[in-house]
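S.K.: Whatever this is, show me its structure:
(one chain, ligands or ions: 1)
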Amino acid sequence: MKINQNYANLQESYLFSDIAKKVSAYQSANPGKKIIKLGIGDVTQPLCESVVAAMVDAARELGGRDTFRGYGPEQGYAFLREAICAYYGERGVVLASDEVFVSDGAKSDIGNILDIFCTDNTVLIPNPVYPVYVDTNIMAGRNILFMDASQSNLFLPLPDEALHADIIYLCSPNNPTGAVYTREQLKQWVDYAIAHDSVILFDAAYEAFIADDKLPRSIYEIEGAKKCAIEFCSFSKTAGFTGTRCGYTVVPSELCFDGVHLNKLWLRRQTTKFNGVAYTVQRGAAAVFTPEGRSQIKESIAIYMNNAKTIADTMTDMGMWFTGGINSPYIWLKCPRGYKSWDYFDYLLGELGIVGTPGAGFGTNGEGFFRMTAFGDAEETAQAMAMLKAAAK
Ligand code: PLP
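M.R.: Okay, the predicted model is just below:
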């Protein structure tokens, strides 16, 4: 019996445990001193009333002899898939419900999708990046090429014609950088993918934070994308489902490689290895698309986006370079005075009791940068920014 030796190639991820250790050491040394957390990637606003009511009703249905449901369709109930299609339709993207697959979240699908691709494929991943893209490919033993995201390209790398990759990861709005691709930029990626016979894995987990109508929320708003892209999305940040768990993946029926339709492969994969998301959760997710649900989730998103603006305005006032914060809950700033990421972390925690995330934890190109998130408490976020400004003076 042999284990998958590729796991030995994974780097241990100490990022969040190292942060937790430093915070707890600070707390022991400074008892009673307030800490403001701007590093958190989890939401803090509760589920909205429409979602809760739908889940309660669904739970009652499950408790009734005539309304009980057992196994549901592996790819999700039609009521939710149709609601998702209608949501895309608002932006002119026409999807059939069998192109949408409901899951327990984007992270699972982003990892699981690799089942349908050969391990010989070369993968192109931005640096810095959401670590799941890297680790899931290391586990499968794929060759990974990194593309540089940096201050010079505003952390939005574009295709390099000299480089060939079979699988390309794009995330917009981006975690950790908050940067958002324009239509023109995404078109360049779609054209590249079609010319190179590559597939784009497009992570739209933060699409709900895009306020600027000119920016694409889905890669399918770009002509040709249905021929080359799979899109992942999630209710986690849109509607506070980080603990409730629900997301979806779009695999267009046009997507065809090696003469095989990827939609069929993914359906086969899901029906074999997955038994669907809880009925109660899917009813809750469907409530997100009702008029009441839409206006209620907008309120939570507005709270986060107001935090993002508070942070971004502070960076602007202080003359600090940053990306994100306008159409994204992440602010990615260049550490002042040439600080390295962890030194800036130590400074903010030690001097001001503010916790963020060192950019170096997201890849080598994150060194010298720092991520702050808008998911914290509004008052605390404002307080942290006031302290930062006062300290700079
Ligand atoms: N994609 C990105 C870019 C993320 O930042 C996250 C979560 O932080 C996910 C996907 C995971 O989403 P989910 O909670 O649906 O698994």
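
S.K.: ok, now which ones touch the closest residue to K34 other than its chain neighbours?
M.R.: Excluding its sequence neighbours, the residue lying closest to K34 (Cβ to Cβ, 6 or more residues apart in numbering) is G353, at 5.7 Å. (Glycine included, C-beta is placed from N, CA and C.) By Cβ atoms under 8 Å, 6 or more residues apart in numbering, the contact set of G353 is 26, 30, 33-36.

S.K.: how much space between G353 and Y347?
M.R.: 11 Å (Cβ to Cβ, to the nearest Å).

S.K.: do the same with P126
M.R.: Distance from P126 to Y347, by Cβ to Cβ: 27 Å.

S.K.: more crowded one of the two?
M.R.: More neighbours surround P126 than the other of P126 and Y347, with 25 against 16 (other Cβ atoms under 10 Å).

S.K.: Which pLDDT does the model give G259?
M.R.: Looking at G259, its pLDDT is 95.

S.K.: what's the distance between it and S152?
M.R.: Computed as Cβ to Cβ, the G259 to S152 distance reads 41 Å.

S.K.: same check, this time on A229
M.R.: Relative to S152, and taking Cβ to Cβ, A229 is found at 26 Å.

S.K.: Look at the two and report which has more neighbours.
M.R.: A229 (27 against 7).

S.K.: quick revisit: pLDDT at the residue nearest to K34, what is it?
M.R.: Per-residue pLDDT puts G353 at 96.

S.K.: What of A392?
M.R.: pLDDT, read off for A392, is 86.

S.K.: Name the nearest residue to it, ignoring sequence neighbours.
M.R.: The shortest distance from A392 to any non-neighbouring residue, by Cβ to Cβ, 6+ apart, is to M318 (5.4 Å).

S.K.: does the one you found really touch M387, like I thought?
M.R.: No. Counting by Cβ atoms under 8 Å, M318 sits too far from M387 to count as a contact (12.0 Å).

S.K.: Run the chain-centre distance for stretch 298-316.
M.R.: A distance of 18 Å separates the centroid of the chain from that of stretch 298-316, by Cα atoms, centre = their mean, to the nearest Å.

S.K.: residues making contact with it?
M.R.: Here stretch 298-316 makes contact (Cβ under 8 Å, 6+ apart) with 38, 43, 45, 48, 208-209, 211, 238-240, 321-322, 324-326, 328-331, 333, 372, 374-376, 378, 381-382, 385, 388-389.

S.K.: now swap in stretch 126-139 and tell me
M.R.: Residues contacting stretch 126-139 (Cβ under 8 Å, 6+ apart): 4, 6-7, 9-10, 13, 107, 110-111, 114, 123, 125, 144, 146-149, 155, 157, 169-171, 174-177, 201, 203, 359, 362-366, 369.

S.K.: Filtering these by proximity to the ligand, which remain?
M.R.: Among these, proximity to the ligand is found for 107, 171, 175, 203 (Cβ under 6 Å from any ligand atom).

S.K.: Assign a three-state SS to the third one, would you?
M.R.: For N175, the reduced secondary structure class is coil; criterion used: DSSP: H, G, I helix; E, B strand; the rest coil.

S.K.: gap between it and S218?
M.R.: In this view, N175 and S218 are 17 Å apart by Cβ to Cβ.

S.K.: go on, the first one?
M.R.: Spatial separation of K107 from S218 under the definition Cβ to Cβ is 19 Å.

S.K.: These two: which has the busier surroundings?
M.R.: It is S218, of K107 and S218, that has more neighbours when counted by other Cβ under 10 Å, with 23 against 19.

S.K.: residue contacts, the more buried one?
M.R.: 88, 91, 93, 202, 204, 207, 231.

S.K.: List phi and psi for it.
M.R.: Main-chain torsions, S218, degrees, to the nearest 10: phi -140, psi 150.

S.K.: and it, what pLDDT?
M.R.: For S218, pLDDT reads 98.

S.K.: roughly how far apart are it and T280?
M.R.: According to Cβ to Cβ, S218 stands 27 Å off from T280.

S.K.: ok so, going back, quick one: which of the contacts of stretch 126-139 sit in strands?
M.R.: Of those, the ones assigned to strands by DSSP state E are 123, 125, 144, 146-148, 169-171, 201, 203, 369.

S.K.: would you list every one of the helices in the stretch 101-250 of the chain?
M.R.: Assigned by DSSP state H, counting those that start in this stretch, the helices in the stretch 101-250 of the chain fall at 106-112, 131-140, 183-196, 236-239.

S.K.: Tell me which of the ones you listed sits nearest to G247.
M.R.: Of all these, helix 106-112 sits nearest to G247, with 4.2 Å by Cβ to Cβ.

S.K.: and that closest one, what other elements does it pack with?
M.R.: Packing contacts for helix 106-112, counted by 3 or more Cβ pairs under 8 Å, 6 or more residues apart in numbering; DSSP states H and E, involve helix 131-140, strand 199-203, strand 229-234, strand 247-250.

S.K.: In CSV, list the ones you listed along with mean pLDDT.
M.R.: Output for these, formatted as CSV (pLDDT from 0 to 100):
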stretch, mean pLDDT
helix 131-140, 96
strand 199-203, 98
strand 229-234, 98
strand 247-250, 98
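
S.K.: That concludes my questions; thank you for your assistance.
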